[in-house]
Every structure is written in structure tokens, then in C-alpha cells.
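pasting the sequence and the predicted coordinates here, then a few questions.
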2 protein chains.
Amino acid sequence: MRSPVDIELIHTIAQLRERLHPSRSAPIALVPTMGALHTGHGTLITKAATETACVVVSIFVNPTQFNDPSDYQRYPRTLSTDSEFCQRHGAHIIFAPSAEEMYPEPPQTFVEVGAVSEHLCGKFRPGHFRGVATVVLKLFQIVQPDRAYFGEKDAQQLAVIQRMVRDLNVPVEIVPAPTVRESDGLAMSSRNQHLTPEQRSIAPLLYQALQHALSTIEKGERSAASLQQQALATLAVPGIRVEYLEIVDAASMQPIETIQTDARIAIAAWVGSTRLIDNVFVPACH
Amino acid sequence: MRSPVDIELIHTIAQLRERLHPSRSAPIALVPTMGALHTGHGTLITKAATETACVVVSIFVNPTQFNDPSDYQRYPRTLSTDSEFCQRHGAHIIFAPSAEEMYPEPPQTFVEVGAVSEHLCGKFRPGHFRGVATVVLKLFQIVQPDRAYFGEKDAQQLAVIQRMVRDLNVPVEIVPAPTVRESDGLAMSSRNQHLTPEQRSIAPLLYQALQHALSTIEKGERSAASLQQQALATLAVPGIRVEYLEIVDAASMQPIETIQTDARIAIAAWVGSTRLIDNVFVPACH
């Protein structure tokens, strides 16, 4: 016979989690990367190491998020340098699976995140955020971290992951960290190493265009169309082809006409055969 | 300075999990239900209670998996009876969230499982398995069980969940349990209570048609088309409208022409305004 203790009836997610999974004494952090690590990643790893007991860095060049096969082929792979880099920045474990380990059979299951993934890169890289959301969810299921660290350089990726985690009740706290830049303003990216010296010298124009837009906002401009027009004018130089330059709501990633809420100005541009992205945050109180 | 202990480099999922998450001493089971519990659910709960230390039964009538709003409206809701039922069968916790608790904002994120969800019910209930896969993944993230129990009556649902768990590396073991039937063969279902006495009297014909097909297979028949034709003939009675009767591969849920591998014969039929489903397993060795 069952003891007469009453069954527990629980109606909220928070209460159920507290009942079943009391906080871990030694929290686990995940820093998901595609390798070719630079100071931007280093900042994420160091931050994670100061905030948690165990830092896992995943290094996996995920085929399903590349819409362009040649971009996937030439993506830099530098595991032994990356391993030393991780250790130097305080990581404890590197998880470096093969593509076969992550996709032992052609996958049938994908995570689709709606509106937040439709504009900006979502528009120009079909299937990209589906691949990103799916592999990040896989990594979350594999590592089961308490926290995961993402750079703000990939602002739309961050928004997509935040939305996915909220919608699917994934028990992982998403920790964003600011974009790290070279001394001339160029956002750090593993793809920067593809640039020729000449391309490298004009690449900082992307950030300068964003800064220009920010200072125009400081002076009172609120119209997205006119900010966009002015910023694009500064980028009309040979060797740069802008894919998009958009002003979007910072949370929903939907284009806005007038700056009222927290916003982001986001850009993607081709410098030679290398696609670079960057963005800046525009707080509502501007 | 960091101690000179080498960073751990791990390449496989199994090794990483073992390193980070040693087995739980008191495993947690989840039995996801929509309530209106019957002996079929009771069997799942009892099985879970004998195999794990803590059995959570979730009771949630999930709006996103109903393609027909009137089916959602009239789905039976019987929480106080269900609570006693769960306790009697050995459950420890009932998780009964409101729709607002599960969907505090209109969801943007959905889990899409491909080919396995395309035929049978997937064809006739657009969006159904997307809703099922998404809510089950949410429940897995909320409860974080070691095992989850599903009835084979919903064979395609089981196949969809198994595929999702494999593709997304969800750390939950899926435990199937056989369909429980009334003494006249009718598969137990919360929807059976919608049947009038007259409808109830003809409802067992569904299982009889499946049994008839099985015995024809025993006699050597291997052609799906002729099995289907014969089974349908037994269902040509007033009051029954067959939606599908298909023979599919048991794992992929793809229609087959000839029975060679493990298969399932699956049926959906309307008895009056109530839609019933059933299926039988056909082992390859027949």
C-alpha cells in the first residue's frame, strides 16, 4: 500500500524546478564557438571562468548554419592553437566533436525561431538561424550548462537564442558580452583573417558608419530612413558592398521607422569575398 | 596564475556527459498527459513508479497541437479525479500548468520533425506534430526527467518524439508502453467518452480491422495495397468514416508497398463526430 502522504500538485514552472532541481553547487558554463578563437572569445571565456566553477568551450564548425558551402570549406580550423588559447583564458574543458558525432544521420529535426530571425542576416542567409538555433539547442542538451555566453557582435544570433530559450523553457541563463574591437574599431571576427592588407585597411569603415549614425542620433535625428541614407553614403567606396544596413528594435529585430525603444543599427557588408557584420546598440534614452 | 594542469580535450558526447553529469542517484520520470486519465495512463504511471524514484505526471491540454478548435474546447478536463488517479497509481507530483504558464507570450519558436511526421495523422492534422514536439520538448526542459513514458497507441507521436530526442541530443530516455484496450478490443482513449452507446458499440470494429489484417499477414499476404483493401472492406459500415488506413515502416513512418521490415498498420476513423486512432505492430519475422 502507498503511504497516505498527499500527492504534490504544482502549477508553476518555477515551483516545479525548485522542487526537482535545487541549484547546482558548482555551476557549469558553456561558451559555444566555431574555433579560430580571438580576443572576443577570450573575453567570453574569462568572464565565464570568473562566474562559474567549470567552463566548457565547444569548438564546432557547424555545417548546417552555412548557406554558402565555400564559406564552410574555408572557415579557419585551428584546434591546437585554440586549445592553448582556451587554457590560457581559464577554460576547463574543450568539447570538439566531429560532424559525424553531432550528426550521425541526416537530421530530420530543426528548431525554427520566427519573426526575430526573419530580417537582417535571416533574409540574406536562408536557413542560417535555423542551423544556429538547432545546433545551440543540441549543445545545450549535451552540456546542460547553467549559463551560456554569447558575444553581442552577433546581435541577431543572440536575440534568436534568447527567444528560443524563453519559448522552449530551456534551463540555461544566456549571458551577453560586448563586442571586442581592434584598435581601429574593426569588430573582431574569425573571418578577418581572410582580408588582404588593402581590404583590412578599409574594413574599419563599417564601424565608422555605425559611429557616424550614433552621433547623428545624438544630435537629434530619429528617422531610420535618413540615418540609413547618411550611413550608406559613408560606405560608398570601392571594395565595399553593403548587404544591409538597418535600424531594428533591439529585442524583436524588426525594422523600425523612428527610434523610440532600445534599438540596434546593424550592418552586413562584403569586403572583397569576405562578409563582415557589425552593430551598435542605441538605448531608448538617447 | 592558472595551475599547469592540462585542459581536457573531449571529442565525444558520451564522454562529455559522463564527465559533467554523473548518473542521478534518484532518477526522475515524466509521464506527459492531457489529463482525463484512463487505465492506459495508469499503466504508464505504474511502470514509471516501479522504475524510478520520482514520478511526475504532467496534465496539460496543449492548445498548439489541436488543429480543430472545437476538439480543443470539448477535450475532457477532470483535474480532481485525475489527481486521485495519479496518487493511486504511484505518482509523486502532478504538474498542471495553465496555458498562460506554458505560453506567457505568443510563441515564435517551434520544433519541426521532418519525414516521420508527414504521413498518417501528420497529413490530416496540419501542425499537430509541430505542436506535440514543441510542447514535449518544453516539458522535457521544465522537468528535466531521466525517462519519459509514452503509450504506443499514439505510435506516430512516439516515433516523432524518439526522432526529436535523437536529433537534438535530448538527455531523456523514451520508454514506450503497449496500448491498453477495453475487453472488446477498443483502444483506451480520453476521447472514447464522447461516444454515444451506439457509436461505442461499433468502435471496436477499428481494432477488428487491424486484427483481420494481422491474420491475413499470418497467412502469407505481404502486399500493403491488398491488406489495406481487405481491411477497409470490413469497415464499410454506417457510422464509421475512415480517414486513413496505412501500412508504414515502424521506425520511419513512411508508407511501404510490401511488408519486409518491422511495420505498423495504423488507422484513423471518425465515429460520429469523434476521431479515433489505433495501430498494431507487425514484426519483420512474421
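Yep, it's here. Not measured: the values here are computed from a predicted model.

so who does the nearest residue to A:G114 once chain neighbours are set aside touch?
Nearest residue to A:G114, sequence neighbours excluded (Cβ to Cβ, 6 or more residues apart in numbering or on different chains): B:Q108, at 3.6 Å. Backbone N, C-alpha and C define where each C-beta goes, glycine included. Neighbouring residues of B:Q108 by Cβ atoms under 8 Å, 6 or more residues apart in numbering or on different chains: A:113-116, A:163, A:167.

narrow these to those that are buried.
Neighbour counting by 16 or more other Cβ atoms under 10 Å in any protein chain shown classes A:113, A:116, A:163, A:167 among the contacts of B:Q108 as buried.

check those and tell me the two furthest apart.
Comparing all pairs in the buried ones among the contacts of B:Q108 by Cβ to Cβ, the longest separation belongs to A:V116 and A:D167, at 10.0 Å.

how far away is A:D6 from B:I93?
11 Å (Cβ to Cβ, to the nearest Å).

more neighbours: these two, which one.
Using other Cβ atoms under 10 Å in any protein chain shown as the criterion, A:D6 and B:I93 rank with B:I93 on top: 21 against 8.

pretty sure that one sits against A:I7.
Yes: under the criterion of Cβ atoms under 8 Å, B:I93 makes contact with A:I7 at 7.0 Å.

out of the contacts of B:Q108, which are inside strands?
Using DSSP state E, the subset of those located in strands is A:V113.

let me have the contacts of B:Q108 in CSV, adding pLDDT as columns.
Shown next, in CSV, are those (pLDDT from 0 to 100):
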residue, pLDDT
A:V113, 98
A:G114, 95
A:A115, 96
A:V116, 97
A:R163, 98
A:D167, 98
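
in the contacts of B:Q108, find the pair that's most separated.
Every pair of those checked by Cβ to Cβ; the farthest is A:A115 and A:D167, at 11.5 Å.

I'd like to know which elements the helix or strand hosting A:S58 is packed against.
Counting by DSSP states H and E, the element that carries A:S58 is strand A:54-59. Packing partners of strand A:54-59 (3 or more Cβ pairs under 8 Å, 6 or more residues apart in numbering or on different chains; DSSP states H and E): strand A:28-33, helix A:39-51, helix A:79-88, strand A:93-95, helix A:128-143, helix B:13-20.

hmm, 10 Å instead?
strand A:28-33, helix A:39-51, helix A:79-88, strand A:93-95, helix A:128-143, strand A:147-151, strand B:8-10, helix B:13-20 (3 or more Cβ pairs under 10 Å, 6 or more residues apart in numbering or on different chains; DSSP states H and E).

let's have those in JSON lines, adding distance to B:A250 and mean pLDDT.
Shown next, in JSON lines, are the helices and strands packed on strand A:54-59 (distance: least, Cβ to Cβ, whole Å; pLDDT from 0 to 100):
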{"stretch": "strand A:28-33", "distance to B:A250": "36", "mean pLDDT": "98"}
{"stretch": "helix A:39-51", "distance to B:A250": "44", "mean pLDDT": "98"}
{"stretch": "helix A:79-88", "distance to B:A250": "41", "mean pLDDT": "96"}
{"stretch": "strand A:93-95", "distance to B:A250": "34", "mean pLDDT": "96"}
{"stretch": "helix A:128-143", "distance to B:A250": "25", "mean pLDDT": "98"}
{"stretch": "strand A:147-151", "distance to B:A250": "37", "mean pLDDT": "98"}
{"stretch": "strand B:8-10", "distance to B:A250": "35", "mean pLDDT": "91"}
{"stretch": "helix B:13-20", "distance to B:A250": "26", "mean pLDDT": "90"}
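
need the ones you listed in CSV with distance to A:A284, can you?
Shown next, in CSV, are the helices and strands packed on strand A:54-59 (distance: least, Cβ to Cβ, whole Å):
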stretch, distance to A:A284
strand A:28-33, 30
helix A:39-51, 26
helix A:79-88, 37
strand A:93-95, 38
helix A:128-143, 25
strand A:147-151, 22
strand B:8-10, 43
helix B:13-20, 40
